[in-house]
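In: Sharing a model prediction with you, sequence too.
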Amino acid sequence: MNAAKVAVVTLLAGGISIGTAILGERWLAHRESAAVGRTAGSAQLQSLPDFRLPDLSGREVTSSAWAGKVLVLNYWASWCPPCLREIPMMIRAQESLHERGVQFVGIALDRVEDVKSFIAEYPLNYPVLIGNPESVELSRRLGNRLQGLPFTVIFDARGRRVFSHMGELGADSLAAELDAALGGTRTQPRAIESAQRPKTSS
């Protein structure tokens, strides 16, 4: 075998070795990723996790800010018509129930400028935080298996997850779940309904 053939064979062998190593690394990475996914999927959260998200001014807010309250987290976006239909009901509920220790918090999966524009036209009486990929994963672990919007989850005053719901939430359901979280005191659905709704895009 002449020198040229030796060089070609050497290059081919080297290329095959490198390709095998790359494929091996990708297979191992895929296997590790699948294992992580199975672990995460089996660990659905039953209590309020410690999370940090920015508000509309960029200030970081932690979930511990609402310790001791009945907390309602509502995932929404300004481009989501069912989300916008829920908002007046949640404004009324916050207004009616804040003295009883109920706190609504919106987590917007949206661009900051779009959220600011929406709130400038339709002010909310509860905090709004800007979501990120980690908060989307958090919603899945809190029961939002399809990762759709809107998504609402309620924690009692001890931080235990007592309710989660994907899709538009009605006043009757919200009132019943808040009753349970507040220890059975009666909340009238009419007290958290509103005829004024934001405009939704078609």
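Out: That came in fine, so what should we check first?
In: got the end-to-end distance for stretch 58-67?
Out: Taking Cα to Cα, to the nearest Å, the first and last residues of stretch 58-67 lie 22 Å apart.
In: looking at the protein, which helix or strand is least sure?
Out: In the chain, no helix or strand scores lower on mean pLDDT, DSSP states H and E than helix 3-41, which sits at a mean of 37.
In: How is the protein partitioned into domains?
Out: According to automatic domain parsing, the chain comprises the domains 1-43, 52-192.
In: Tabulate those domains in TSV, adding columns for mean neighbour count.
Out: (Each C-beta comes from the backbone N, C-alpha and C, glycine too.) Below are the domains of the chain laid out as TSV (neighbours: other Cβ atoms under 10 Å):
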stretch	mean neighbour count
domain 1-43	10
domain 52-192	17
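In: weakest of the ones you listed in terms of mean pLDDT?
Out: Among the domains of the chain, domain 1-43 carries the lowest mean pLDDT, a mean of 38.
In: re the thing from before, give me the next element, helix or strand, following the least confident helix or strand of the chain.
Out: Using DSSP states H and E, the helix or strand that directly follows helix 3-41 along the chain is strand 52-54.
In: What is the subsequent helix or strand relative to whichever strand or helix holds Lys116?
Out: Here Lys116 is covered by helix 112-121, with elements defined by DSSP H and E. The C-terminal neighbour of helix 112-121 among helices and strands, as given by DSSP H and E, is strand 128-130.
In: Does anything pack onto that following strand? Which helices or strands?
Out: Counting contacts by 3 or more Cβ pairs under 8 Å, 6 or more residues apart in numbering; DSSP states H and E, strand 128-130 is packed against strand 52-54, strand 102-108, helix 112-121.
In: Show me what the first one pairs with in its sheet, parallel or antiparallel.
Out: What it means is strand 52-54. Note on strand 52-54: by DSSP bridges, its sheet partners are strand 60-62 (antiparallel).
In: just the second one next, same as before
Out: With DSSP bridges as the test, strand 102-108 is paired with strand 70-76 (parallel), strand 128-130 (parallel).
In: right, so of those strands, which gets closest to Gln44?
Out: strand 70-76 (15.1 Å; Cβ to Cβ).
In: tilt between the following helix or strand past the closest one and strand 70-76?
Out: From strand 70-76 onward toward the C-terminus, using DSSP H and E, the following helix or strand is helix 81-97. Angle, helix 81-97 to strand 70-76, by axes from the mean of the first three to the mean of the last three Cα atoms, to 10 degrees: 160 degrees.
In: Output stretch 73-90 as CSV, nothing but the C-alphas.
Out: What follows is stretch 73-90, C-alpha atoms only, in CSV (Å, rounded to 0.1, in the frame of the first residue of the first chain):
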residue,chain,number,x,y,z
LEU,A,73,-52.1,32.4,40.4
ASN,A,74,-53.6,33.1,37.0
TYR,A,75,-51.5,32.4,33.9
TRP,A,76,-52.7,34.6,31.0
ALA,A,77,-51.7,36.7,28.0
SER,A,78,-53.1,39.8,26.3
TRP,A,79,-53.6,37.9,23.0
CYS,A,80,-55.7,35.1,24.7
PRO,A,81,-59.5,35.9,24.5
PRO,A,82,-60.5,33.4,27.2
CYS,A,83,-57.9,35.0,29.5
LEU,A,84,-59.4,38.4,28.9
ARG,A,85,-62.9,37.2,29.6
GLU,A,86,-61.8,36.0,33.1
ILE,A,87,-60.0,39.2,34.1
PRO,A,88,-63.0,41.3,35.2
MET,A,89,-64.2,38.4,37.4
MET,A,90,-60.8,38.3,39.0
